[in-house]
Structure formats: C-alpha cells, structure tokens
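*Asks:* Turn this into a model:
(one chain, ligands or ions: 1)
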Amino acid sequence: MLTRFAPAPTGYLHLGHVANALHVWGEARARGGRVLLRIEDHDRDRCRPEYEATVLDDLDWLGFVPDIYPTAGFRAGPCASRQSDRHDIYAAAAAALQAQGLLYACRCSRKHVSGAWSPGSRVQSPESETAYPGTCRDLGLAMDTADVGWRVRMPPDTVTFDDRWCGPQVQTPADQCGDLLIRDRRGNWTYQFVVTVDDHLQGVTDVIRGVDLLASTGRQVLLGRLIGRPSPCEFAHHALIMKSPTQKLSKSDGDTGVRDLRAAGWTRQRVIDACRMMGHTLEDPLP
Ligand code: GLU
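*Replies:* Here you go, the predicted structure:
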C-alpha cells in the first residue's frame with residue numbers, strides 16, 4: 001500500500017491538512033503501507049516557494065515523516081516529487097495522448113466555459129459544475145500556438161468505484177465536466193492531469209483525501225485509463241473540517257494556519273487534539 005500527502009503550496013498548512021495527514025499516515029501505519037510526499041505546485045500563478053518552505057517546516061514540526069521523498073529532499077533543490085520539476089514527465093504523457101488522437105487545442109476562456117471555474121481545476125462545487133460544451137473539439141486548432149489550452153476527448157464511459165469511506169459511486173465525467181483541460185491557456189498543467197499522471201507513475205495504490213475531491217475521482221480514473229494505468233487506485237474520501245456548515249477552511253483566508261498556532265504557543269499535541277475534536281476521531285498514528 002502506497003498513499004500520498006500532496007499539499008499545494010498556495011498558502012500555509014492549516015487544520016484541514018492536519019486532519020488529512022492524520023488519515024493518510026493513520027491508514028498507512030494501520031495497513032503496513034508507506035506515505036509519499038508530493039508538492040503539488042503545478043499552478044505557477046498561485047504557488048510560492050515561501051509557502052512550500054513553511055509546509056515542509058510544519059510537517060517536520062508535526063512529526064509527519066514521509067517514507068518516500070522526505071522533506072530534506074525538497075529543501076535540497078530540484079526534487080522528483082515536486083510538480084514544477086516534473087514538466088518533462090507531463091509533456092511526455094501529453095504527447096502520448098496526442099499520438100492517440102485524444103488531444104485538441106481549445107481557445108475558450110474560463111469565463112466562456114462557465115463563468116466561475118475551469119473544468120481543469122478541482123471541483124469547487126459539484127452542483128454548480130458545467131460541462132465543457134465541446135466548442136473547439138472539431139476545429140482542428142494548432143496545438144503549439146500561444147493562448148490555447150489542451151483538452152482530452154473524454155469517452156462517454158460511466159465510472160464506478162467503491163470508496164472505502166463513502167461507499168459505491170457512479171460518475172460519468174463526459175456529463176460532469178466534458179472534455180478535460182490538461183493544460184491551460186497560460187501553459188500551466190492542470191490539477192486533474194498532473195495528479196492522475198503522478199498517482200500512476202509514482203505507483204500510488206491508495207488515494208486518501210477530503211470529500212471535496214470525490215466528484216473529481218471518476219475523471220481521474222478515466223484519464224488514468226487513457227494514459228495507460230492498468231487498474232485504478234483505491235479511493236477513500238474523508239469529511240472536511242469546516243469553518244461554518246457551508247464554508248471550507250481555506251489557506252488563502254489564513255484560516256487556522258499551523259504556523260500561527262505554533263506562534264501562539266500551541267503544542268503539536270494540541271493541534272492534533274483540535275483536529276480530533278472537530279470530528280476526526282482518529283488514533284494519533286505517530287509514536
Ligand atoms: N493538492 C491538493 C490539495 O492541496 C490535493 C490533491 C489530491 O489529494 O488529489 O488540496
């Protein structure tokens with residue numbers, strides 16, 4: 001069993017990440033598995049090296065030690081598990097999709113697609129998701145010009161999987177999101193693409209993450225098939241720590257940052273206990 005902890009350095013680590021880490025390390029320890037650390041900094045506009053540095057420091061302070069790609073490996077410079085150092089891998093995966101005739105260039109703006117979010121990014125709210133209508137699908141636009149994104153022709157398949165904690169799921173990505181954006185118009189690889197490529201090529205067997213990503217799973221399974229993954233991961237989606245009944249914690253709002261709690265004198269134990277009190281009734285996996 002190989003699972004991963006995969007923060008995006010777009011802000012400070014917060015209690016939501018700590019809850020996720022408790023689930024990730026807890027499952028790995030209970031099942032004799034290993035944890036890999038991946039820094040998901042594919043979005044060059046939102047990620048910052050300073051945030052990565054604090055994520056690594058906070059993980060060390062909390063005592064969550066990755067079995068594969070320890071924090072020191074990231075501090076030392078380029079690292080095989082930092083997405084911004086994996087460009088060639090994503091380019092090769094995209095080229096393989098293109099060779100199968102599965103990619104096309106798209107000049108639609110995010111606004112054109114839905115007004116609020118892009119189908120290449122994580123699903124903010126499944127209810128408000130709008131499928132890409134396929135505007136550029138058959139236009140034959142050149143792939144190598146500036147200001148075009150790349151999309152994958154998603155087959156109409158329905159994906160079923162049995163989530164370890166949420167139970168049986170049925171999702172049809174072509175209806176949910178339509179053709180998936182894998183590279184945006186600014187040249188950023190998208191979350192859905194890089195996470196699928198990485199989970200496949202890094203040999204991840206179990207994805208353990210918040211339930212806000214449940215609706216993204218079917219498309220990652222389907223995309224995984226298209227890039228040659230023989231069988232999908234196991235998935236386990238857990239409840240989120242919420243700020244209010246409808247609002248998630250957010251790094252960008254500076255919510256409950258581990259860094260601030262540390263500065264305010266909290267101990268590691270108090271941080272872990274705070275997560276437990278917020279519904280994450282987990283054993284502390286660490287000695
Ligand atoms: N990088 C994502 C985040 O920070 C997690 C992605 C995943 O677990 O699939 O929310």
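*Asks:* Alongside the ligand, which residues does the chain contribute?
*Replies:* Contact residues (CB under 6 Å from any ligand atom) of the chain with the ligand: 6-8, 40, 195, 209, 213. For every residue, glycine as well, the C-beta is placed using N, CA and C.
*Asks:* quick one: the host helix or strand of residue 198 to chain centroid distance?
*Replies:* Using DSSP states H and E, residue 198 maps to helix 191-201. Remark: helix 191-201 is offset 8 Å from the chain centroid, using CA atoms, centre = their mean, to the nearest Å.
*Asks:* Mind listing residues that contact that helix?
*Replies:* Contacts to helix 191-201, defined as CB atoms under 8 Å, 6 or more residues apart in numbering, come from residues 4, 6, 8, 38, 40, 42-43, 83, 86, 89-90, 93-94, 119-122, 180-183, 204, 207, 216, 219-220, 223-224, 227-229, 233.
*Asks:* What are the boundaries of the strands in the stretch 1-150 of the chain?
*Replies:* 2-5, 34-37, 103-106, 149-152 (DSSP state E, counting those that start in this stretch).
*Asks:* Can you add mean neighbour count and mean pLDDT and give those back as JSON lines?
*Replies:* What follows is these, written out as JSON lines (neighbours: other CB atoms under 10 Å; pLDDT from 0 to 100):
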{"stretch": "strand 2-5", "mean neighbour count": "23", "mean pLDDT": "98"}
{"stretch": "strand 34-37", "mean neighbour count": "21", "mean pLDDT": "98"}
{"stretch": "strand 103-106", "mean neighbour count": "21", "mean pLDDT": "98"}
{"stretch": "strand 149-152", "mean neighbour count": "24", "mean pLDDT": "98"}
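*Asks:* Go through the ones you listed and name the closest to residue 276.
*Replies:* strand 2-5 (18.2 Å; CB to CB).
*Asks:* What helices and strands are in contact with that closest one?
*Replies:* When contacts are defined as 3 or more CB pairs under 8 Å, 6 or more residues apart in numbering; DSSP states H and E, strand 2-5 packs onto helix 15-30, strand 34-37, strand 206-210.
*Asks:* residue ranges with poor pLDDT in the stretch 51-200 of the chain?
*Replies:* Within the stretch 51-200 of the chain, the segments meeting pLDDT under 70 span 112-128.
*Asks:* burial count for the residue of it found nearest the ligand?
*Replies:* For the stretch 51-200 of the chain, the residue closest to the ligand is residue 195, as judged by CB to the nearest ligand atom, at 4.7 Å. Neighbour count of residue 195, defined by other CB atoms under 10 Å: 26.
*Asks:* Same question for residue 202.
*Replies:* For residue 202, the neighbour count with other CB under 10 Å is 16.
*Asks:* How much space separates it from residue 164?
*Replies:* According to CB to CB, to the nearest Å, residue 202 and residue 164 sit 20 Å apart.
*Asks:* same deal with residue 154?
*Replies:* Here the criterion is CB to CB. By it, residue 154 lies 25 Å from residue 164.
*Asks:* ok, residue 70 - contacts?
*Replies:* Counting by CB under 8 Å, 6+ apart, residue 70 touches residue 37.
*Asks:* mind checking how far it is from residue 208?
*Replies:* Here residue 70 is placed at a distance of 19 Å from residue 208 (CB to CB).
*Asks:* any chance of the helices and strands packed on strand 2-5 in a markdown table, with distance to residue 265 too?
*Replies:* Output for the helices and strands packed on strand 2-5, formatted as a markdown table (distance: least, CB to CB, whole Å):
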| stretch | distance to residue 265 |
| --- | --- |
| helix 15-30 | 16 |
| strand 34-37 | 27 |
| strand 206-210 | 28 |
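*Asks:* so which of those gets nearest residue 101?
*Replies:* Closest among the helices and strands packed on strand 2-5, using CB to CB: strand 206-210, at 28.6 Å.
*Asks:* Show me what counts as buried in that closest one.
*Replies:* 206-210 (16 or more other CB atoms under 10 Å).
*Asks:* Among the residues you listed, which one sits closest to residue 98?
*Replies:* Taking CB to CB as the measure, residue 98 sits nearest to residue 207 out of the buried residues of strand 206-210, at 26.1 Å.
*Asks:* what's the spacing between the closest one and residue 237?
*Replies:* Applying CB to CB, the value for residue 207 to residue 237 is 9 Å.
*Asks:* Could you pull up the residues touching the closest residue to residue 7 other than its chain neighbours?
*Replies:* Spatial nearest neighbour of residue 7, chain neighbours left out: residue 55 (5.3 Å); criterion: CB to CB, 6 or more residues apart in numbering. Neighbour list for residue 55: 7, 9, 12-13, 39 [criterion: CB under 8 Å, 6+ apart].
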